[in-house]
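S.K.: Whatever this is, show me its structure:
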Amino acid sequence: DDKKDDKKDDKGKKGKEDKEAKDKEEDTEADAAMEDPKEQEPPKTKTVTRVERLSVETVMKLGMSDKEMQKAVQEEFDMALQDRVVQETQDCRNQLEEYVYAMRDALGGRLKAYAEEKPAQEFIERLNKMEDWLYGDGESAGKGAFVEQLKELKETGDAIDGRFRAFEALPDAFSALRNAARECAAWAAAPDAKYKHISEDERTPVKAECDLIDAWIEEQKEAVKGAPKTQPPPLTADVVMQRRATLMEMCKNVMEKPRPAPPKPPPKEAKEEGKPEGEGAEGGAEGEAEEMKDEEGKAEGKAE
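M.R.: Now for the predicted structure:
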């Protein structure tokens, strides 16, 4: 029995040693594999290509259909119209705003003398309220509202501004009329040869009208000077310029009178009555000789 047990122990030790040797060998191979990267490469795979038939349908579509084109055109038109309305509305608002500022400044400056104090103050208050409206409810107002508001303000402002312009235009008009009168008077008194055919009786009305105009201008200047500027002037620049046009037309009709045509020479008689043919011929020859002498004398005179 002891021998059997010893044999079993020997076998057990041997098996244990074999197992330890095998494990050690495997660890060595694993370490070697870790040290050698070639042994860690993944296994190669085989690529398989498969071909499949696909059905493809080609659809050619050039441009837009008539319906799509019409829709696109209408959309473009609507957008352009909307942009125009927005721009016109903004322009009308700007015009109203500019008028409020300009008129309010003018009433305290160049237009002050042309508006009575109470109406001018009331108008300024209206302009102030309009400015408040522009930056309040007017922010969302439409084009029509701006146009109507500007029209109402101009009904009052244009009357004041019109008086200012009427008074301011008169000095230039008077100056233009006076210069025209002096020009026509000098023209009527011109001693130039080209005016010798115009008689003194024809020139006298032009001179008289020029003298009347000088007196008329001074009279009208005094009337304008004494007129209140809060009312329209006693006459306008158009009246003055119309008188200037009338004077220039009158002078032109006289001084541009065409010269009379020179008198025609009497016709020469081909044959004198009551003389014989020979005498007539002889006289004709003598006349021709005299004419030739006259022509030679003229030629010599020119040469000298």
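
S.K.: Would you mind listing the buried residues in stretch 215-229?
M.R.: Trp216, Ile217, Gln220, Val224, Lys229 (16 or more other Cβ atoms under 10 Å). C-beta here means a position set from N, CA and C on the backbone, and glycine is covered the same way.

S.K.: Next: stretch 90-99.
M.R.: Using 16+ other Cβ under 10 Å as the test for burial, stretch 90-99 gives Cys92, Arg93, Leu96, Glu97, Tyr99.

S.K.: Can you give the contact residues for that stretch?
M.R.: Contacts to stretch 90-99, defined as Cβ atoms under 8 Å, 6 or more residues apart in numbering, come from residues 130-131, 134, 138, 141, 143, 146-147, 149-150, 153-154, 157.

S.K.: now do 7 Å
M.R.: The contact list for stretch 90-99, computed with Cβ atoms under 7 Å, 6 or more residues apart in numbering, reads Leu134, Lys143, Phe146, Val147, Gln149, Leu150, Leu153.

S.K.: Next: stretch 115-127.
M.R.: Everything outside stretch 115-127 that qualifies as a contact, by Cβ under 7 Å, 6+ apart, is Val100, Met103, Arg104, Leu107, Leu153, Thr156, Ile160, Thr230.

S.K.: in that stretch, what counts as buried?
M.R.: For stretch 115-127, a neighbour-count test (16+ other Cβ under 10 Å) marks Ala115, Ala120, Phe123, Arg126, Leu127 as buried.

S.K.: would you turn these into CSV with distance to Tyr195?
M.R.: Output for the buried residues of stretch 115-127, formatted as CSV (distance: Cβ to Cβ, whole Å):
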residue, distance to Tyr195
Ala115, 53
Ala120, 56
Phe123, 58
Arg126, 62
Leu127, 61
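
S.K.: Go through those and name the one nearest Met79.
M.R.: Distance to Met79, by Cβ to Cβ, is smallest for Leu127 among these, at 36.7 Å.

S.K.: CA atoms of the helix or strand harbouring the closest one as CSV?
M.R.: Assigned by DSSP states H and E, Leu127 falls within helix 117-134. Provided in CSV are the C-alpha atoms of helix 117-134 (Å, rounded to 0.1, in the frame of the first residue of the first chain):
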residue,chain,number,x,y,z
GLU,A,117,-49.1,138.5,-35.6
LYS,A,118,-52.2,136.5,-34.4
PRO,A,119,-52.8,134.5,-37.5
ALA,A,120,-49.0,133.7,-37.7
GLN,A,121,-49.0,132.5,-34.1
GLU,A,122,-52.0,130.3,-34.7
PHE,A,123,-50.3,128.8,-37.8
ILE,A,124,-47.2,128.1,-35.8
GLU,A,125,-49.3,126.2,-33.2
ARG,A,126,-50.7,124.1,-36.1
LEU,A,127,-47.2,123.3,-37.3
ASN,A,128,-46.1,122.2,-33.8
LYS,A,129,-49.1,119.9,-33.5
MET,A,130,-48.3,118.4,-36.9
GLU,A,131,-44.8,117.7,-35.8
ASP,A,132,-46.1,115.8,-32.7
TRP,A,133,-48.5,113.9,-35.0
LEU,A,134,-45.6,112.9,-37.3
